[in-house]
Each structure stands twice: as C-alpha cells, then as structure tokens.
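**Student:** Pasting the sequence and the predicted coordinates here, then a few questions.
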Protein chains: 2
Amino acid sequence: MASRLREVPLSQVRVNDAFWSSRQKLMTDVTIPYMEKILRDEVEGAEKSNAIRNFRMAAKEESGEFYGMVFQDSDVAKWLEAAAYSLALKEDEGLRARIREIVALIGRAQQADGYLNTYFTVQDKVPRWSNLLECHELYCAGHMLEAAVALHESAGMDELLHIMLRFVDHIIDRYGEGKLEGIPGHQEIELALLRLYNVTGDVRHRDMALRFLNLRGQDPAFFKKNTPPAIAGICFGGYGMDPADNLYNQSDVPVREQTVARGHAVRQVYMLIGMADAAAKTGDTEMAEACRRMFENITNKQMYLTGAIGSSGHLEAFSTDYDLPPDRCYGETCASVAMVFFARKMLGLEMDGRYADQMELQLFNAALAGMQLDGQRYFYVNPLEVNPRITKLRNDSKHVLVERPKWHACACCPPNLARLITSLGGYLYSEDDGAVYSHLFVGSTAKTAHAEIKLETAYPWKGEVSYTLSACSGKPFVLSTHIPAHARNLRIAVNGEEIAPEIANGYCAIARAWQDGDKVEVRFDMPPRRVYANPLVRDAAGQAALARGPIVYCIEGVDNGRDLCCLRLPRENELREQPYNDALLGGVVAIEAEAIRETPTTSLYQETAPQGKSVTLRAIPYYAWSNRGENEMRVFIRE
Amino acid sequence: MASRLREVPLSQVRVNDAFWSSRQKLMTDVTIPYMEKILRDEVEGAEKSNAIRNFRMAAKEESGEFYGMVFQDSDVAKWLEAAAYSLALKEDEGLRARIREIVALIGRAQQADGYLNTYFTVQDKVPRWSNLLECHELYCAGHMLEAAVALHESAGMDELLHIMLRFVDHIIDRYGEGKLEGIPGHQEIELALLRLYNVTGDVRHRDMALRFLNLRGQDPAFFKKNTPPAIAGICFGGYGMDPADNLYNQSDVPVREQTVARGHAVRQVYMLIGMADAAAKTGDTEMAEACRRMFENITNKQMYLTGAIGSSGHLEAFSTDYDLPPDRCYGETCASVAMVFFARKMLGLEMDGRYADQMELQLFNAALAGMQLDGQRYFYVNPLEVNPRITKLRNDSKHVLVERPKWHACACCPPNLARLITSLGGYLYSEDDGAVYSHLFVGSTAKTAHAEIKLETAYPWKGEVSYTLSACSGKPFVLSTHIPAHARNLRIAVNGEEIAPEIANGYCAIARAWQDGDKVEVRFDMPPRRVYANPLVRDAAGQAALARGPIVYCIEGVDNGRDLCCLRLPRENELREQPYNDALLGGVVAIEAEAIRETPTTSLYQETAPQGKSVTLRAIPYYAWSNRGENEMRVFIRE
C-alpha cells in the first residue's frame, strides 16, 4: 500500500528566503567547495582526509595504505549528495564535471562483483563482510546510495545510480530473503534503500530495507555471535566497539517493540527514519506505532530545548528520560539533522503539526548552531551551557568544544548539514490528491499538482507569511498551512478578507476552488517568551529560557560579562524585543531584560543569600552563539 | 626552632563521648577485626587482598606471585596504625599478639640492607627504586612508618619502629643530602618522617623529609626524565600514570610557590600535612605562608559544603576554583581524613579557629559519611547529590556509588577512617607553656601539663559543654576554647558565674589561677540554618543547604519521595528542629520545613512555570545518608 501523502520534491521547489537563501549560498559557495578540497587533500594545515585517494588506491591507480576512518568513503558520499543539491540551487558546469570525474573514479574502484568499499578493497587484514558490527560497509553503501539518488533526482546524473544498483544487487545476493541474516552495525542502509525504491519502484529494494529492519533485535546476541575476536577492533585501531553492547546500536529488541530511545543517537534516529518511511510505504501499523512512540519519547523526555539529543558524551548517546545536563550533552549536529529527516518521514505517515514543529525547531536551533555564521567551521557537539574555564578543564566535558574547530578528522557533521540546508526546498510541502500541505515558512516557489505556490515571509523575525497561487489546476483543493505551536493571536486572510482559522493537528486547512492570483495571508504574534522545563529535568529546575517564534535564545559572556551563573532573571521582569539588527550576528532580533547580577561573596559559604544589583541582560539566538570568540554561554537562566 | 605549640598526644586523652565513643567502639569491635580478616583473606566472598600473603612471599615462607596494587603493603600499614590506636582505646591481648606476629613477619620480609616492600621483593620485572612516579615504595614506607610510630606511642610496641629505622637508614643512604635526588610519586613519606622525628629527635629524619619537600617541583620534568618507558605502567598492569602530568602529583612548581590546589587531592593534602608540620618544626615562614595560601584556596574556593574535596572524578583530583558539581565530585573519604590531619598540623603553626572548624567540618560530615552507620561498609566517593536512576547510568558519574560497597580492592579509605576515629583523642587539645587549647567539643578526659580536663557535652546535638578541671599545676594558665563559627548567642560561665566572652581568632581565652574543681560552662544556640554558596558556584546557585551546629543536612528519597529535584524550599519558610530521635539513624536531630513539590508537567517544555503543592520536607544529617537502601539524596535544595 502506498501512502496518499507525497513529498513535493526538491526539484519542484525553489527557495528564495531572506534567512535561508544566504545560508544556502554559503553552502554552495563556501562549504561545499571547501569540503571538496578537504576530500582531495588540497587544504593546507587541515587534517589529512585521503578520502579521494582511498578510491584511487581501490581502483589500483595509486599505491599506498588506506587512511582514515573505516567509514571514510561516506565523506565522499555525503559531499556528492550535497553537491547534487547544490547543482539544483545553482548550476555550475565545473562542479558538474568534477562530480562526473569522482563518480567515474568510484566506478573504477568498484569490484567486478559490484562490491564497493575502499577500506576493504585496499587493506587485507579484515575480510569483506566479516564484521558487520564495526565495518560500516552497509553504512557507507547507504550514504553512497543517497548520493546516487540525489544526483539522479536533483542533478540529472545517473552514473552513480548505475554503479550503486550493481552494489545493491551484490548486497541483496548476500543478505536478501533466504540468504545470510545480517544487520548493519550502524543503521543507514535501510533509509537509503527506501529512497532508492522511490526511484526504481523495484520491490527488491524495499524488501531488502524491510529485511534489515525486521531482523534487527530478533537475536539480541547477533553481534556477539558474529564479531570474530581476531578481527574485532582492527578497523578502529584497536579501540573497537563492544559486541555485547547491543543497546548501543539498538539491536537488543526487535524494532517494533522498542519503546525508548537508547544508545548512539544518530544510529537510533537513522533507524527511525527508515522505519517511518517503511511504515508509510507498507501501511505497517505496528511499525508506525513504534515510530510515534519513539518520536514521543525523544521529543518529550530526552530532547534539549534547542532540539539537541544525546545527553551522554560517552558513546554519543541517549542516556535516560529527563537527564539533560546542559554542559555535558553530546547533542550531535548529525542527530539534529537526522531528526529533521525523521520528522519529514513522519509527515509521510500522517499530517501532524508536531512533526513540522520538530523540523522547524531543529532547523533554527540545534542543527543550525552546528555551523559558524561564515560557513567555515562546525560543531559536532551542541551544548546548552559552556564556561570555557571549566568546560575545557573537566574531563567529563572534554568532548564539548567552546568554539567551532576548523575541520574534523571524522567529518560527518558538516556535510550532513550541507545536504540538509541545500535540500531545504524538499522539506516544505507535501501533497495528496485533494490538498497541499505547507510545513515550514520558508520563502519559496513550489510547483505542486494543484497549483504553483509562492510563499513570501520575513520569518523567523516576523510572523507574516503570504501564499500567492498561480497555475491552479482548476479543481478545488485544500491549502493546509502548518501553524507553529508558538504562534499567538493568529489572523488569516484570503484575498484580504479575514477568515476564522480552523486548526486541526497543527494545520489550518482552507478548502476552495482556488484561482490564479489568490492570496492567503497568515499573521501571528511572536512575543519573546519564557520557557520552563518539566521540573523532572533536574538541570533546568528553577530556571527559564528565552525564546521568540521558532528561535531559542542564549546569553553570552560577550554581551553579559563573565560568570553567567551569577545572573538571574526575576519572573516578573519584562522581556523587551529589540529591533531587528542587520549588523549583529548576520542579522538578528535580540531580547533584553532587566536582570539581577549577584555579587560574588568573599567566603565560599555563608548564611545570607547573595545580594545583587540590577543589570541589563541581552540574549541572542542560540544558533549564533560562539561567533564572537571564546566566551561563556548558557540557555537556561535562573529566575 | 621548635614551636611552642604542642599537641596533647592521644596517650594523654581518653574519649568518653555520646556521639564518638560508639563510633570508636565500632572501629575496635567491628571494622578493625574485619579489616584484619580481609588482609588475611579470611572473608568469604570479599575481593582477594593477599596483603599478608605478599609479606610471606617476600619472607620466602610461601611461594607465589605478588597480588594486589603496587601499594598493597600500605593496607597492612594502615591497619597496624589503626590497631595501635585501638589498643589505646581498649586493651586486647589477642590483638596485641596478632600485631606482634604480623610485625615479626614484616621483619622477616625486610631485606638485609633494610629495604622493605613486598611488590619489589616478590616480582622481578621492575627493579627497586626504578620508577618513583608509580612505584609507591616511599608511600608504603611512609605508612609503615606511621604505623611504627603509632605502635610505639599508643601501644608501647617498638618492634616495628626498629624495623623501620633500618629502612629509613636505607632511604637516607640513597636519597639523603648529597645522594640521589628523588621525590615520591605519591607524597606521604614526608609527613611520616616528621612524625618519626617527633619520636627520635634525629635531625636526619627531619632533614630527609625537608629534602623530599624541597626538591619537589624544582625540576618540573623530574618524572618525565626518570620514568623509563620500558618500566612505565608495569606495576599498574599497563595503565600507568602520565609522566608528563606533573600537575597531577604537584611536582610542577616548588612547594613554597604553589598557590592553588591542583591534581590528585590526597597527594596534594598529604604534601600539605608534611609542609605544615615542617614549617612548625623549622620556623620556615615561606613554607608556612604557602600552607596558609593553600588552606585558603582549598577551603574557600574548592571545597564542598560537606568538606569534600576533589571535584573531578577523573584522576580523583581538584579541578578549578568554584567548580563544585554535586553529582560528579570525587570527594574522597581519604582526602577529607587528610584535611583533618592538615588542619591539625596548621594548629601547630598558629591558633586559628578556622583550623579547628575545619577538623569539625570533616569529622561530622565528609569524613564520617565515608562510613556506614554499622561500620561495615565504606564510601570512597562522597557526592552531594545522587539520583540512582541517573547516577548509575551516566558514564561521567560511574565513579559515584549510591550505596556503600562491602569492600574495595584498593582499600585505602576504610583504614584511613579507622585510624582517624580511633585516634580522635589526639585532635582535641594543644598546649604551650601558658595555655591549654581545646579544639573540639568531644567528651573526654585529658591530662595536660597544666591540669586534667574533663569535657562533658551532648554536642553535636546540643550547644552545651562543660570543662571541669582537676590536678591543676598551681600556676595560672589560660584555658582557651575554640568557639565554632556557627555558634550563636554564646554564653560562658566560670563556676556558675557568667563572664563576657572574649573571642580572638575563634578561641575564647580565660586566664586564671585555676583550682581543682573549677568548672567552665560553654553554651550557645544552634538553630537550624540555611547556607548559601558563593554565586560563582554554578551548581549551587539559587539553592540553599540546611545545617545545624557542625552538621550539614541532606534530604533523601526515603523521607521525601522520589524526584527530589522537584522540591523547593521558599526562603521565608521556617526550619523546624525536631526532637532528638534515638531511633532514627543511630540517633539524630532531623530538620523539617514546609516546602513546595512542583508537579511534573505532561510536556517537556512549556510557557508556564511549574505549579506545586505544599509538602513537609525532612532533612537528616548528611553523614547518615544511604543507610536505608538505595535512594535519591541531595544537599542543596532549590529555594
């Protein structure tokens, strides 16, 4: 059974947005070219990548030893995927030619039987497919498949797709129905095979994804039984994974029976993306219910206010419900990007504003914070509080950086963000036979089956959005607009005439026989607001965070002086929205308020409560933190 | 130059105290016999110790491989020291005979040249004295020396002293003036040699201690240069120390120039004990000043309210000023015991109530919390907050246990607490030619040069203390009584007549021609009080702790329900002292107050502040936490 809901694909949507277009341009003009240079080892002073050279060696065009992580190939794959979207944003013949050249190299690195992975082709200590726990062969295959689909869909380039179809045949020959039972140590192939199925319609592709999902957790000891001790850890330089830790990679329980997010956050959410898409494609209600349950657990019990997930630096993992320390989280950028993908796939299952809210939360906060405003530096870890003096010193926050570093040896996050932002157009709309659904307020023009829709907005700084329709099909249809949960005092006008908005599941549906030139205006207030955590969150108790519209705010030392822990913001103090400031942090609306700065005492402990004096507190969007040098930052502020 | 101030030694003081005598009895009757069985490997189910057997192997009376930590000998030493004090508390012919037998074994394990250490005698991979960083030979020698001094002073047994004098000669031959330059990887020998000097008056003993102190930090690369890579780590099973980390063992800067406490907390404080004693014995004002500076830094910037020190679990170390996370500290019991020793030695330099306050703080709080009320289980790590659900799960609190375990393979803390509590009498008084100084309100009888003093009190539960004098020397002298910093509304009466107390440096001095039968009564109020941290302490901001007299309180789940983070105690709410309850936790005064329990919300984040309902909060003394099964605990409570 195919779902009625269809994504309006990236190829049909053109983004033209005050907030996002400049960021897309950073990607096409700065980040993606820079990444390519990294992959080619052309950036002086950067850590060696060797990713392209690994393919040359696998193609026997160069000699040497494999270098990099066992999943180094995925750096090339994610770059190719982002580059494909980049071509959709901005044609670039040079880039197209270089992609063609790299894809050709990949083709030459492919083995006669379709197998493709440079680590296992170049080195000879670990045989192919001998260690699914650690080897990342299926993970790399998944990313290369995503790149192949993206090149096909967004750049009209099919060469990689042909290569990957041969590799997929190889995988199905080995692990398909009736063959070996295998599951990946790092989920990714499942969601990628389902993307491939969208293109090919070949049920073998879908069924291989389903088989990987269905087998997972059936035998909780799978990796323990199938990780030969003589091989374990080799591809990680001896620091391998614990085959007994089946919780880490979510292989402890069958996927439909999982109830709470555990283990490595990216693995968990990548799996959920595949599950949600599988449920939508098959009508598997049990699978859909598991997805809802996990979405609820993650977003309502294990997510930071910014959208960050993975509260344990150790193993980059979920910890447990309501355990959300702000200074030691992992909050990996990749995991936030993955949450956008997951929410997008949930919107393929059912129209529920919570999924659109989730995409918005990640896009404007935790995911976006991964990137320096200039597009040149990236965070993996996205904390909600740093004090450089302490953060840099303590061993239990050594994974938390206080400034974005230039590049990473394990370069997973930057290309993940690049592929998300360049493909943003693909997250804006869904449609079915009777309706168009707008999920995000991003300035754009979209060609849907029912009409062409032009969205204009100054969001996220103003609550004003207009939809202008053209090329209407002539048949009546529903224009269904997601209204963010934070919107206040909603007004909707059709062709200048206010209507009474009817909101169901977070969407405002307007059914009409729409005519070319019809215009829907959505207006709402976004006053600065305080946000409180559930008191079960020990680390946010007695504190409030500031937000406005979709944006979570933070305070930084550069604006507020050192020792941010001395600041408190009494509950009754008014929050003052500042005028939009083009000169500040690439253009933001800051929030100010009168606050109390408590005066440090001479003794460490005393019987009188600390006294304070009034100061003006200034908060900036969280995504823009750490763009003005090393300094303190925190999201939650004492009241 | 010898200091005028003299400690009134343990041999002259008999403790008879409602609070402490029962704890001393636990030590003599339960803990010390149990430890002996452990050392002899006679406790079924306990981790193997092998400590006595190592000596048999070193004496060639048994064959086998050395087992245990490289400093396993110190377990025997610390037990011997505690056993010596135990004999002073309660004669026990059987124990005396067994001590004699063990000491004889130690004598047989000693090498012809005086060398004594079972690890280096039994194994043959690492030569003696080849790795001062890790080998702990000087550390073990120090503890064995302390045992020798204790047996001499408190039990009248000199056999171990004779053995150790030979070993000390060996050490001086090797590392004395004009010989090799060496410093211990773990400080301890310095303080022990100074204790030995008290007994022998042999300046070679004092000077060897001074030389170890003076050499330390002169060459910051000492351990890097002198730790042969081929040997490094062997005695720690490959997980050795980093020779370049000279901060860890305080060898980065000469001792007189050190300004802030860093690195391994026990090493730091053991060094300071030696430094303070050295300064008192030599009149070295620069050394004394360094001690004051470090005492100030530790107590006023790096100490938990309970007295715990070492806010980093990693390396059991100090971290940095005002970094005091309650849930991830180390707060090692040994470090708190060491702070009592350090403060005691500072009282040999100068009479200042802060040192007596410090001894009191540790004795009634962090140190005492190390011990289960039944004397059978011990904590190494003393956190100020646990939530078993989270504490046990998170990797960054894996060193924090929520219940005291039965025994430890590295058994440093229990015997350290045993030797402190059994020798408590030695911490009560100092004297000089014109005065007697009472530091702690512990019921006792003390023979001083000026008079015999009987102290009677119901402290720490009541602020009532009386001193009754007898056997007065006839010459006038000053009775100087430490008045704890927390005492309120102080009243002092001499022979029933109130006098106006004059307090200087925390002591109330009364000069008189004292007569037998004279009685001084000290009364003060100890209302329950709130204590606030310096607002620079991020983790205590907006919170208050409860205390009464010398006792810091905590709240536990067993009294207050789960999710203690939901509780808050508005500032205006009265604290109600409960009647002393003999049936609760061995007899305590609990504190109650009306508090608010915030109700968990259905969503993780919301715009309205959490609502709550009134509940009665009950706080118990911190030292008694975790005596009623696994449950939550916290010291600081939101206001």
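**Tutor:** All right, it came through fine. Numbers count the residues shown, from 1 in each chain, chains lettered A, B, ... in the order given.
**Student:** which bits of the stretch 151-300 of chain A sit near chain B?
**Tutor:** A:299-300 (Cβ under 8 Å from any Cβ of the partner chain). Just so you know, the C-beta spots here come from the backbone N, C-alpha and C atoms, and that holds for glycine as well.
**Student:** Report the closest residue of the stretch 151-300 of chain A relative to chain B.
**Tutor:** Chain B sits closest to A:Asn300 of the stretch 151-300 of chain A, with a gap of 4.9 Å, by Cβ to the nearest Cβ.
**Student:** hang on, isn't that residue packed against B:Gln606?
**Tutor:** No. A:Asn300 sits out of contact with B:Gln606 when judged by Cβ atoms under 8 Å, with a separation of 11.1 Å.
**Student:** Count the residues that sit near the closest residue to A:Asn117 other than its chain neighbours.
**Tutor:** Nearest residue to A:Asn117, sequence neighbours excluded (Cβ to Cβ, 6 or more residues apart in numbering or on different chains): A:Glu137, at 5.0 Å. Applying other Cβ atoms under 10 Å in any protein chain shown, we find 28 other residues in the vicinity of A:Glu137.
**Student:** Then A:Ser614?
**Tutor:** Neighbours around A:Ser614, by other Cβ under 10 Å: 11.
**Student:** I'd like the distance between it and A:Pro570.
**Tutor:** As defined by Cβ to Cβ, to the nearest Å, A:Ser614 lies at a distance of 10 Å from A:Pro570.
**Student:** go on, A:Ala155?
**Tutor:** According to Cβ to Cβ, A:Ala155 and A:Pro570 sit 55 Å apart.
**Student:** and what of A:Ala583?
**Tutor:** Using Cβ to Cβ, one gets 30 Å for the distance from A:Ala583 to A:Pro570.
**Student:** Okay, and the residue nearest to A:Ser603 when sequence neighbours are not counted sits in which element?
**Tutor:** Nearest residue to A:Ser603, sequence neighbours excluded (Cβ to Cβ, 6+ apart): B:Asn300, at 6.4 Å. Assigning secondary structure by DSSP states H and E places B:Asn300 in helix B:285-301.
**Student:** In three-state terms, label A:Asn480 for me.
**Tutor:** I think there's a mix-up here, since residue A:480 is Ser and not Asn. A:Ser480 carries the three-state label strand when classified by DSSP: H, G, I helix; E, B strand; the rest coil.
**Student:** Identify the bridge partners of it.
**Tutor:** A:Tyr437, A:Ala509 (DSSP bridges).
**Student:** these two touch, right, it and A:Ala509?
**Tutor:** Yes. Contact status for A:Ser480 versus A:Ala509: in contact at 4.4 Å, counting by Cβ under 8 Å.
**Student:** Among the two, which residue is more densely surrounded?
**Tutor:** Higher neighbour count among A:Ser480 and A:Ala509: A:Ser480, with 24 against 16, using other Cβ under 10 Å.
**Student:** Which residue ranges of the stretch 501-639 of chain A form helices?
**Tutor:** Along the stretch 501-639 of chain A, the segments classed as helices by DSSP state H, counting those that start in this stretch run A:557-560.
**Student:** Contact residues of it facing chain B?
**Tutor:** A:529-538, A:541-544, A:563, A:565-566, A:568, A:571, A:598-601, A:603-610, A:612, A:638-639.
**Student:** Return the subset of those lying in strands.
**Tutor:** A:529-533, A:543-544, A:568, A:598, A:605-606, A:612, A:638 (DSSP state E).
**Student:** Adding distance to B:Trp514 and pLDDT, write the residues you listed out as TSV.
**Tutor:** Converted to TSV, these look like this (distance: Cβ to Cβ, whole Å; pLDDT from 0 to 100):
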residue	distance to B:Trp514	pLDDT
A:Arg529	71	98
A:Arg530	66	98
A:Val531	68	98
A:Tyr532	64	98
A:Ala533	63	98
A:Gln543	58	97
A:Ala544	62	98
A:Arg568	54	96
A:Glu598	49	98
A:Tyr605	37	98
A:Gln606	37	97
A:Gly612	51	96
A:Arg638	54	96
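**Student:** wait, which of those residues is closest to chain B?
**Tutor:** The closest of these, once distances to chain B are taken by Cβ to the nearest Cβ, is A:Glu598, at 3.8 Å.
**Student:** residue contacts, that closest one?
**Tutor:** A:566-568, A:610-612, B:535, B:541 (Cβ atoms under 8 Å, 6 or more residues apart in numbering or on different chains).
**Student:** can I assume the residue nearest to A:Ser603 is in contact with A:Gln606?
**Tutor:** No. When contacts are counted by Cβ under 8 Å, B:Asn300 is not listed as touching A:Gln606 (11.1 Å).
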